[in-house]
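Chemist: Pasting a predicted model and its sequence here:
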Amino acid sequence: MSSHMNILVVDDDEMILEIFEDFLNAMDTRSVLTAKDGVEALDLCRNNKIDFCFTDLNMPGMDGIEFVKRVHQLDNTLPVVVMTGYPSADNAIATLKSGVVDFLVKPFKMEEIELTIRRVLEKRALFVENVLLKEELEGKERLQALNRELSDKIKDLKALNVILQEIDWVTSSSELFDLIVRLAAEITASDETHFYLVDENMRSWEPIASFYRKGREGDPCSQAWIQEILTRKMSDGTPLLMKDGHDDSLSGTQICSLVAVPLKIRWKIFGVLVGIIKDRSALFTEKDLHFLGFMNRRASFVIENAALYENIYQNLFATLYAFVEAIEARDPYTKQHSSRVTEFAISIGREMGCSDEQLDLLNFSGHLHDIGKIGIPDRILLKPGPLTDDEYEVIKTHPVIGAKIIGHLGLMAEEQKVIRHHHERWDGHGYPDGLKGESIPFLSRILAVADAYDAMASDRAYRKKIPDELIIKMVRENAGSQFDSEVVRAFLKVYQKGRVASGVTAFQPAPCGLKAKSMPLNTLQVAAPVHR
């Protein structure tokens, strides 16, 4: 028995109290507290930690059963043993119902007290152990539940982070919508996802992007059925969550669940993202609506920014190109030179497998490659005869001036490089920096061939245009010295395919961002090796 126990004895018989006190102290029990009635005993329980209690059953004022009920309101784990000199079945039942763990019948031997304490404490120890085990188990279950909740939150945050990272890096509208339907399928349990452009009345639905989960490509839902559902149930633009099954009467496909979330731009519906589940392995939830809504809001933000960027870009480009046209207007021989150079440079770029982004850069740089000539005096730029060495040095500054003009406007360094280096030579004898070989920007090498061809194929103040046969001969001869041989090879292929013509399309600036790829191109006219 523990030496750190407080035992309470409650009895209206002082002799009983003295006997208990002497006996229990002899057992090295830490302390014995005594009370003559239930009221006094309750006060002791409120002010002391009691580990064990003996109480008489019949006491004046408050009997033992009432005391047990009240003391268990203070501590329902306290073991209580009832003592009585009037045992009966009714008393036994009443004491057990009140939460008593045992009872002693007076008169009893002192050994019975010790045995009762040991027996009850063993039961109590087992009870406490079971309580602790239960609490530990419940604690583990709570911890597991918290871990599951935390894991779900982490997954949610990862999903939101993926949406933010991937959407912010798209460079075209088609890429954006393809990304939206793919992410929608990955984040939810969709078997197939679609994005529709819609008109203001929500009547016309144009599917522009779709994604099918692996193994689900063979039984797609009919677009007509999906659009019929959306027309009927999304007329007000409210997100739609359908958990009940539907039969696609047009394709025969069973639909288990459908979710549809509008994409709004400036509070007007621009499109609708749709997800479909075909079996009952999963259903769409409110969380799916939240994720898809978040993704659509982010996509609308990107689209709005791209539209704003496109508008600013086109205004800026148009202003810059007005300068180029003003420069070319000074010299009737160079009218539309920049447009022709751009068209043929893009044709060469396509032949060489350039990306859309590279073609956009060629489109921009080609139209503005000679903008630096605005800083060259007319007496030099329009001189009908040969240039002096000093005059030629002035002419050679126009790529640097052009790059600076572009740079001051805060445009990308890549565009500045293409313009600055379009007069460099493969052998390192070009200008302004004398770059050589691969150190010359790739797009500058393309622009150099296109620029040279058009210069030779056009009348100039200081000479008549050169026949095509001679131009081709000169370009071939300068491959590996003035020009990149690979670019010359692509140039010759384009030329042989008949993609050189006198017609020039009207200029339409095309930014590198969303909704804008390289401008529509017709066949073109090209440039020449040695020119101003």
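Modeler: Done, it's in.

Chemist: And V9, how far from I65?
Modeler: Between V9 and I65 the computed distance is 17 Å (C-beta to C-beta, to the nearest Å). The way it works is simple: take the backbone N, C-alpha and C, and place the C-beta from them, glycine included.

Chemist: ditto for S338
Modeler: Taking C-beta to C-beta, one finds S338 at 107 Å from I65.

Chemist: Where do the helices of the stretch 51-200 of the chain begin and end?
Modeler: Taking DSSP state H, counting those that start in this stretch as the test, the helices found in the stretch 51-200 of the chain are 64-74, 89-97, 110-167, 173-187.

Chemist: okay, those in a markdown table with mean neighbour count, mean pLDDT and distance to F52 next?
Modeler: Output for the helices of the stretch 51-200 of the chain, formatted as a markdown table (neighbours: other C-beta atoms under 10 Å; pLDDT from 0 to 100; distance: least, C-beta to C-beta, whole Å):
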| stretch | mean neighbour count | mean pLDDT | distance to F52 |
| --- | --- | --- | --- |
| helix 64-74 | 18 | 88 | 12 |
| helix 89-97 | 13 | 65 | 16 |
| helix 110-167 | 12 | 77 | 6 |
| helix 173-187 | 20 | 85 | 60 |
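
Chemist: Next, format those as a markdown table and append distance to I472.
Modeler: Listed next are the helices of the stretch 51-200 of the chain as a markdown table, based on distance: least, C-beta to C-beta, whole Å:
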| stretch | distance to I472 |
| --- | --- |
| helix 64-74 | 108 |
| helix 89-97 | 113 |
| helix 110-167 | 47 |
| helix 173-187 | 38 |
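
Chemist: right, so of these, which gets closest to D37?
Modeler: helix 64-74 (8.4 Å; C-beta to C-beta).

Chemist: Could you list the domains of this protein?
Modeler: 6-130, 173-306, 331-496 (automatic domain parsing).

Chemist: quick one, which of those is packed in tightest?
Modeler: domain 331-496 (a mean of 19; mean count of other C-beta atoms under 10 Å).

Chemist: closest to A322 out of the helices of the stretch 51-200 of the chain?
Modeler: Across the helices of the stretch 51-200 of the chain, closest to A322 is helix 173-187 (C-beta to C-beta), at 27.8 Å.

Chemist: Show me what the closest one is packed up against.
Modeler: helix 110-167, strand 192-198, strand 205-212, strand 268-277, helix 286-330 (3 or more C-beta pairs under 8 Å, 6 or more residues apart in numbering; DSSP states H and E).

Chemist: Those into CSV, with extra columns for distance to P87?
Modeler: Putting those into CSV (distance: least, C-beta to C-beta, whole Å) gives the following:
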stretch, distance to P87
helix 110-167, 14
strand 192-198, 79
strand 205-212, 81
strand 268-277, 70
helix 286-330, 64
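
Chemist: Rounded mean pLDDT for stretch 195-203, please.
Modeler: Across stretch 195-203, pLDDT averages out at 79.

Chemist: Need the contact partners of that stretch.
Modeler: 177, 180-181, 204-210, 227, 230-231, 234-235, 237, 263, 268-274 (C-beta atoms under 8 Å, 6 or more residues apart in numbering).

Chemist: then that stretch to PDB, C-alphas only?
Modeler: C-alpha atoms of stretch 195-203 as PDB (Å, rounded to 0.1, in the frame of the first residue of the first chain):
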ATOM      1  CA  PHE A 195     -13.600  24.800 -70.800                       C
ATOM      2  CA  TYR A 196     -16.300  26.700 -72.800                       C
ATOM      3  CA  LEU A 197     -16.400  30.200 -74.000                       C
ATOM      4  CA  VAL A 198     -20.000  31.600 -73.700                       C
ATOM      5  CA  ASP A 199     -21.900  34.500 -75.000                       C
ATOM      6  CA  GLU A 200     -23.600  37.100 -72.800                       C
ATOM      7  CA  ASN A 201     -26.900  35.300 -72.900                       C
ATOM      8  CA  MET A 202     -25.400  31.900 -71.900                       C
ATOM      9  CA  ARG A 203     -26.800  30.400 -75.100                       C
END
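
Chemist: picking that back up, can I get the domains of the chain in a markdown table including distance to E136?
Modeler: As requested, those are exported to a markdown table (distance: least, C-beta to C-beta, whole Å):
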| stretch | distance to E136 |
| --- | --- |
| domain 6-130 | 10 |
| domain 173-306 | 32 |
| domain 331-496 | 60 |
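
Chemist: so which of these comes closest to L164?
Modeler: domain 173-306 (6.5 Å).

Chemist: roughly how far is the closest one from the heart of the chain?
Modeler: 18 Å (C-alpha atoms, centre = their mean, to the nearest Å).

Chemist: how long is it from one end to the other?
Modeler: Taking C-alpha to C-alpha, to the nearest Å, the first and last residues of domain 173-306 lie 9 Å apart.
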